[in-house]
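[1] one predicted model, sequence on top.
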Amino acid sequence: MSVRPTLLSIAGAMLLAAAVGLAGMHDACRADQASGEAAAASESKEKKNAKQQTPDEAKSAADNKAASDKDAASQSYGWSAVRDGAKIKLRGSVPSEEDRRTVLGMAKAHFADLEIEDQQKVKAGGPPKEQWLGAVSFALKQLTHLSDGGVRLTDSGFQVDGAAKSAEDYKQLRQALTGPFPTGLSIQGSKVKAPVADPFVFSAALEANILTFAGNVPSEEMHKRILDFAEAAFGGATLNDKLMVASGAPKRWDDAALAAIAALSRLNEGKVTLSGSELTIDGMAPDRSTATELSFQLRKDLPSVFHSSETIRWKEAGTQGDVANTILPRIKEIADTEGLALDRVLPSFGGNGGR
């Protein structure tokens, strides 16, 4: 076996490896050089653009960046108050320690009989102090109308959700959300549930051309629909509206209420009452035919889940006695003036039905 050829083979392999390594290093150097040239070109371009900006353009760019930074900071500035049973929970950001104490005092004034849990944190970057405190005062006032729920202030505006304590509280809260509002405050959302009425009672009474509504309606939309329907059905009658929004209406209540009002519109005077799924109607119709038609139409229009009880009266047509006591005296008066003797040509009418 010859050693020399083996040594030559090893030496050749080493030279080949070295050549490959040098080639790789050369490629890497070229890549680094290209990268460096690109970065330098980008930096040079940025400097060139900066040099091309006018002083006004540079100031505008700086102002835009500052405004963007301020907007980003304000988006995280929020405050909330939640009513949870016998406790009021205050959370979120306040502009200063003094403002924290002011808000705590507001909460204690509005909810003197409830525990106040204060977890507010001082944080810069909020709205102007007086504007912010005005918004907080408005929010806490609305919270007093809720049996549970909360109010929230964010960069987007004011939000309220929960359940109203009573029909009157619901009405006042709805009115407050129509404005006017504290400076700078806008309403972002409202999800407040009306209180439950059990039984759910509605009534409409017509007397002396005055139509009075009282009791409950399931929504503001239905409230308006009832008033519009009544204006069309009762013509010149004066409307006295005492309706309050509440939850708990039976199914198809809207149809039942409109059917009841339509029936009432055919009476000279009377009253309809819906209590749960029971409808009662009591009143005076102009005649028997109207009373009969009214009763038939009401039973047809009333949803099957409702039951009705009707007490409809009507005026009887004139009787013989009415003719004798009202019409004949007037005719006799005219006849006497003309010199006629009616007793010779007309029958006698009396309380006993004649002779």
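    Received the coordinates, thanks. Residues are numbered from 1 along each chain as shown.

[2] for the rest of this, base every contact and every neighbour count on C-alpha atoms.
    Fine.

[3] CA atoms of stretch 147-154 as CSV?
    Only the C-alpha atoms of stretch 147-154 are listed here, as CSV (Å, rounded to 0.1, in the frame of the first residue of the first chain):
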residue,chain,number,x,y,z
SER,A,147,-82.2,50.0,41.0
ASP,A,148,-79.1,48.3,39.5
GLY,A,149,-76.7,49.1,36.7
GLY,A,150,-74.1,51.6,35.9
VAL,A,151,-72.9,54.8,34.2
ARG,A,152,-69.6,55.2,32.3
LEU,A,153,-67.6,58.1,30.9
THR,A,154,-65.1,57.5,28.1
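
[4] just the residues contacting that stretch, thanks.
    Residues from elsewhere that reach stretch 147-154, judged by Cα atoms under 8 Å, 6 or more residues apart in numbering: 75-85, 135-136, 139-140, 142-143, 158-165.

[5] show me where the stretch 51-200 of the chain has helices.
    55-74, 97-110, 129-143, 167-176 (DSSP state H, counting those that start in this stretch).

[6] surely residue 177 meets residue 187?
    Yes: here residue 177 reaches residue 187: they are 7.3 Å apart, a contact under Cα atoms under 8 Å.

[7] so where's this structure shaky on pLDDT?
    When the per-residue scores of the chain are filtered using pLDDT under 70, the ranges that remain are 1-76, 317-355.

[8] quick one, domains of it?
    Residue ranges of the domains in the chain are recorded as 79-192, 201-314, according to automatic domain parsing.

[9] export those as CSV, with columns for mean neighbour count.
    Formatted as CSV, the entries for these read as follows, by neighbours: other Cα atoms under 10 Å:
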stretch, mean neighbour count
domain 79-192, 17
domain 201-314, 17
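
[10] which of the contacts of stretch 147-154 fall within strands?
    Counting by DSSP state E, the contacts of stretch 147-154 place 79-84, 158-164 in strands.

[11] quick one: which two of these are the most distant?
    Between all members of the ones in strands among the contacts of stretch 147-154, the longest pairwise span (Cα to Cα) is found for 79 and 164 and amounts to 21.2 Å.

[12] the strands in the stretch 151-300 of the chain, which residues?
    157-164, 187-193, 201-207, 210-217, 238-245, 269-275, 278-285 (DSSP state E, counting those that start in this stretch).

[13] out of those, which comes closest to residue 300?
    Ranking those by distance to residue 300, with Cα to Cα as the measure, places strand 278-285 first at 13.5 Å.

[14] list of residues touching that closest one?
    For strand 278-285, contacts defined as Cα under 8 Å, 6+ apart pick out 260, 264, 266-274, 291, 306-315.

[15] swap in stretch 304-316?
    Outside stretch 304-316, the residues within contact range by Cα under 8 Å, 6+ apart are 251, 256, 277-288, 291, 295, 299.

[16] please redo it, this time with the cut-off set to 10 Å
    Applying Cα atoms under 10 Å, 6 or more residues apart in numbering, the external contacts of stretch 304-316 come out as 250-253, 256, 260, 267-268, 270, 272-292, 294-295, 298-299, 302.

[17] wait, doesn't residue 159 sit right on residue 187?
    Yes: Residue 159 sits in contact with residue 187 when judged by Cα atoms under 10 Å, with a separation of 6.4 Å.

[18] so residue 139 touches residue 81, yeah?
    Yes: Residue 139 sits in contact with residue 81 when judged by Cα under 10 Å, with a separation of 8.2 Å.

[19] what do the two both touch?
    150, 151, 152, 153, 160.

[20] any chance of those residues in CSV, plus distance to residue 227?
    Compiled in CSV, those are given as follows (distance: Cα to Cα, whole Å):
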residue, distance to residue 227
150, 32
151, 32
152, 34
153, 36
160, 28
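
[21] on the three-state scheme, the nearest residue to residue 252 once chain neighbours are set aside is what?
    Counting by Cα to Cα, 6 or more residues apart in numbering, residue 252 lies nearest to residue 303, which is 6.9 Å off, once chain neighbours are set aside. Per DSSP: H, G, I helix; E, B strand; the rest coil, the local secondary structure of residue 303 is coil.

[22] distance check, residue 303 against residue 277.
    Distance, residue 303 to residue 277, using Cα to Cα, to the nearest Å: 10 Å.

[23] joint contacts of the two?
    Both residue 303 and residue 277 are in contact with 251, 252, 253, 256, where contact means Cα under 10 Å, 6+ apart.

[24] now for these: which two are most distant?
    Using Cα to Cα, the pair of the shared contacts of residue 303 and residue 277 lying farthest apart is 251 and 256, separated by 9.4 Å.

[25] isn't residue 202 right up against residue 254?
    No: because the distance of 11.0 Å does not satisfy Cα under 10 Å, residue 202 is recorded as not touching residue 254.

[26] which residues do these two both contact?
    For the pair residue 202 and residue 254, residues contacting each of them under the criterion Cα under 10 Å, 6+ apart are residue 217.

[27] residue 159: what's it in contact with?
    Contacts of residue 159 were listed using Cα under 10 Å, 6+ apart, and they are 80, 139, 150, 151, 152, 153, 186, 187, 188, 189, 190, 191.

[28] one more time with 7 Å
    When contacts are counted by Cα atoms under 7 Å, 6 or more residues apart in numbering, residue 159 is found next to 151, 152, 153, 187, 188, 189, 190.

[29] could I get those as CSV with distance to residue 89?
    Listed next are the contacts of residue 159 as CSV, based on distance: Cα to Cα, whole Å:
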residue, distance to residue 89
151, 11
152, 12
153, 14
187, 21
188, 21
189, 20
190, 19
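
[30] many thanks, have a good one.
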